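Asks: coords below, sequence missing:
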């Protein structure tokens, strides 16, 4: 019994302790659950905060995209407005230009009407006013619009054809001339003579204005710079001289060679001069300093001519039957254009400088491709060809021979388009008019002739008392100057 009480007492203690432990464990569990719930709440709050932040970021990103889209839209609108404004300005400018063009056409027609009325006036036998009016009718559209109306051209032709031919002799030289040429503006004529002088003449009155007499030997050439500011002259006294056309004084430069200079001419921009020399060399010179830039030995004895290409990057010269193209900066030989036989009489670049028109004593004319050194077209004649010229559109060429024959050829087909006969004397020069409808020739018979390209006939004949060495058109195409014997004639 005593033992039973002790057992029950011990069991009660154990149960009490177990209850206490259970209570403690329950409290711990409850506390842990509270911590977990609190952690979960904190996590939910963090997640909610993150969601809000993400939503805010998305709102801000959407706002930025909207702002960018708005800015782009505004920029596009501004660009559209600017383009519309530019288009409107262009349309206004085109309308203004078209109005001016229409006005020029109306002015040209009025001038034609006045010119035709003047041609009916019997008291004006010279038709000088009609000629001036018709010329102005042509230039009114030609200068700005690059075309000539049919009535204006007809009026000018009629005024020219019905006007009496007036020749003015430019006399004053004491020995034969080597050349005569117009200034680029057509106001002056310069002549070079074997009497050691160069003379400048008024192109309207024929009055002698200036004598350039610093050479001590025959003057072989006189050529204007493209802008007309200077003249370069060459002489057998082994010099070339540059003259200022405002003061008509010699520049302080002397291009001095060691042999007679056959010819001197300018490059397009006037920065260089090229000379052909009787010792077989070609020289290029700086026109500002007078320094010799290059000297090329073309032939041991002689060269016939030397000329720059239109862009100035190449130069051409010839001896015997060989035409040679050089680099004008280095002197390097670029192309050698050889015919079968017969020496070169003349050579002329086309406007682009990629073709060369050359005439030969072996009765041929060659059109060379400069880049390939190949013959594009070969034109056969029955006698030696002395000279040739390109038509303004380069679709035709005209050639002249020692038997007085003038031939017009189609460049593309090589077919003879027209043949005209002056006489049996050699022709020395030939030149197309600016419109390509007339041809001017001069020859040993002392006659300069104007030919119509669409008829086999001469429209004007100008007789001289000596062989006509050369003839060239006035820049406006209404007059011509020829060199024959001791005088020039306009």
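Replies: Right, received. Where do you want to start? Remember, predicted model here, so these are calculated numbers, not experimental data. Residues are numbered from 1 along each chain as shown.

Asks: so residue 205 belongs to a strand, correct?
Replies: No. Read with DSSP: H, G, I helix; E, B strand; the rest coil, residue 205 is coil and lies in no strand.

Asks: and residue 185, how many residues sit next to it?
Replies: For residue 185, the count of nearby residues is 12 (other C-beta atoms under 10 Å). Where C-beta positions appear, they are placed from N, C-alpha and C, glycine not excepted.

Asks: ok, for it, nearest residue in space, not its chain neighbours?
Replies: Leaving aside its chain neighbours, residue 185 sits nearest to residue 228 (5.7 Å; criterion: C-beta to C-beta, 6 or more residues apart in numbering).

Asks: so what's that neighbour up against?
Replies: Going by C-beta atoms under 8 Å, 6 or more residues apart in numbering, residue 228 touches 183-185, 245.

Asks: give me the ChimeraX select line for those, limited to the buried ones.
Replies: Per 16 or more other C-beta atoms under 10 Å, the buried members of the contacts of residue 228 correspond to this ChimeraX selection:
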select :183,245
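
Asks: SS state for residue 406?
Replies: Per three-state DSSP, residue 406 ends up strand.

Asks: isn't it right up against residue 430?
Replies: Yes. Counting by C-beta atoms under 8 Å, residue 406 sits close enough to residue 430 to count as a contact (7.0 Å).

Asks: which of those two has more neighbours?
Replies: Neighbour totals were compared for residue 406 and residue 430, and residue 430 leads with 25 against 22 (other C-beta under 10 Å).

Asks: who touches both of residue 406 and residue 430?
Replies: Listed as contacting both residue 406 and residue 430 by C-beta under 8 Å, 6+ apart are 398-400, 439, 441.

Asks: can you redo the contacts of residue 228 as CSV with pLDDT, secondary structure and distance to residue 276?
Replies: Output for the contacts of residue 228, formatted as CSV (pLDDT from 0 to 100; DSSP: H, G, I helix; E, B strand; the rest coil; distance: C-beta to C-beta, whole Å):
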residue, pLDDT, secondary structure, distance to residue 276
183, 94, coil, 23
184, 92, coil, 22
185, 90, coil, 27
245, 95, coil, 23
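
Asks: between the contacts of residue 228, which sits nearest residue 376?
Replies: Nearest to residue 376 among those: residue 184, at 30.8 Å, using C-beta to C-beta.

Asks: identify the residues contacting that closest one.
Replies: Applying C-beta under 8 Å, 6+ apart, the residues contacting residue 184 are 224, 226-228, 475.

Asks: kindly report the same for residue 353.
Replies: Neighbours of residue 353 in contact, by C-beta under 8 Å, 6+ apart: 309-311, 313-314, 370.

Asks: secondary structure of it: a strand, I assume?
Replies: No. Counting by three-state DSSP, residue 353 falls outside a strand, being coil.

Asks: do you know how far it is from residue 9?
Replies: Residue 353 sits at a distance of 135 Å from residue 9 (criterion: C-beta to C-beta, to the nearest Å).

Asks: show me what the strand or helix carrying residue 57 is packed against.
Replies: According to DSSP states H and E, residue 57 maps onto helix 2-119. Applying 3 or more C-beta pairs under 8 Å, 6 or more residues apart in numbering; DSSP states H and E, we find helix 2-119 packed against helix 128-145, helix 150-162.

Asks: need these in TSV (columns: mean neighbour count).
Replies: Shown next, in TSV, are the helices and strands packed on helix 2-119 (neighbours: other C-beta atoms under 10 Å):
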stretch	mean neighbour count
helix 128-145	19
helix 150-162	18
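
Asks: adding distance to residue 174 and mean pLDDT, write those helices out as TSV.
Replies: Formatted as TSV, those follow (distance: least, C-beta to C-beta, whole Å; pLDDT from 0 to 100):
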stretch	distance to residue 174	mean pLDDT
helix 128-145	33	82
helix 150-162	34	81
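
Asks: any low-confidence regions in the chain?
Replies: Counting by pLDDT under 70, the chain shows low-confidence ranges at 1-4, 21-31, 34-36, 123-127, 163-166, 455-459.

Asks: how far away is the residue nearest to residue 185 from residue 270?
Replies: Relative to residue 270, residue 228 is positioned 10 Å away (C-beta to C-beta).

Asks: what of residue 313?
Replies: Distance, residue 313 to residue 270, using C-beta to C-beta: 16 Å.

Asks: more neighbours: which of the two?
Replies: A count of neighbours by other C-beta under 10 Å puts residue 270 above the other of residue 313 and residue 270, at 16 against 13.

Asks: residue contacts, that one?
Replies: Each residue near residue 270 by C-beta under 8 Å, 6+ apart is listed here: 225-227, 229-230, 287.

Asks: among those residues, which one lies nearest to residue 78?
Replies: Using C-beta to C-beta, residue 227 is the member of the contacts of residue 270 that lies nearest residue 78, at 46.0 Å.

Asks: residues near that closest one, how many?
Replies: Count around residue 227 with other C-beta under 10 Å applied: 12.

Asks: a strand runs through residue 450, doesn't it?
Replies: Yes. Assigned with three-state DSSP, residue 450 falls within a strand.

Asks: that one and residue 460 touch, don't they?
Replies: Yes. At 4.2 Å, residue 450 counts as touching residue 460 under the criterion of C-beta under 8 Å.

Asks: higher neighbour count, the two?
Replies: Under the criterion of other C-beta under 10 Å, the comparison of residue 450 against residue 460 puts residue 450 first, with 19 against 15.

Asks: beta partners for that one?
Replies: residue 440, residue 460 (DSSP bridges).

Asks: now for residue 232: which residues touch it?
Replies: Applying C-beta under 8 Å, 6+ apart, we find residue 232 in contact with 222-223, 225, 240-243, 264-266, 273, 287.

Asks: nearest to residue 84, of those residues?
Replies: Using C-beta to C-beta, residue 225 is the member of these that lies nearest residue 84, at 47.8 Å.

Asks: report how many residues lie close to the nearest residue to residue 360 once chain neighbours are set aside.
Replies: The spatially closest residue to residue 360, leaving aside those adjacent along the chain, is residue 342, at 4.4 Å (C-beta to C-beta, 6+ apart). Residues lying near residue 342 (other C-beta under 10 Å) number 16.

Asks: ditto for residue 251
Replies: 15.

Asks: and the gap between it and residue 191?
Replies: Residue 251 is 20 Å from residue 191, by C-beta to C-beta.

Asks: for residue 157, same thing?
Replies: Counting by C-beta to C-beta - residue 157 and residue 191 are separated by 29 Å.

Asks: that older thread, could you dump the helices and strands packed on helix 2-119 into JSON lines with distance to residue 426 added?
Replies: Output for the helices and strands packed on helix 2-119, formatted as JSON lines (distance: least, C-beta to C-beta, whole Å):
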{"stretch": "helix 128-145", "distance to residue 426": "33"}
{"stretch": "helix 150-162", "distance to residue 426": "28"}
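
Asks: nearest to residue 485, of those helices?
Replies: Closest approach to residue 485 among the helices and strands packed on helix 2-119 (C-beta to C-beta): helix 150-162, 26.4 Å.
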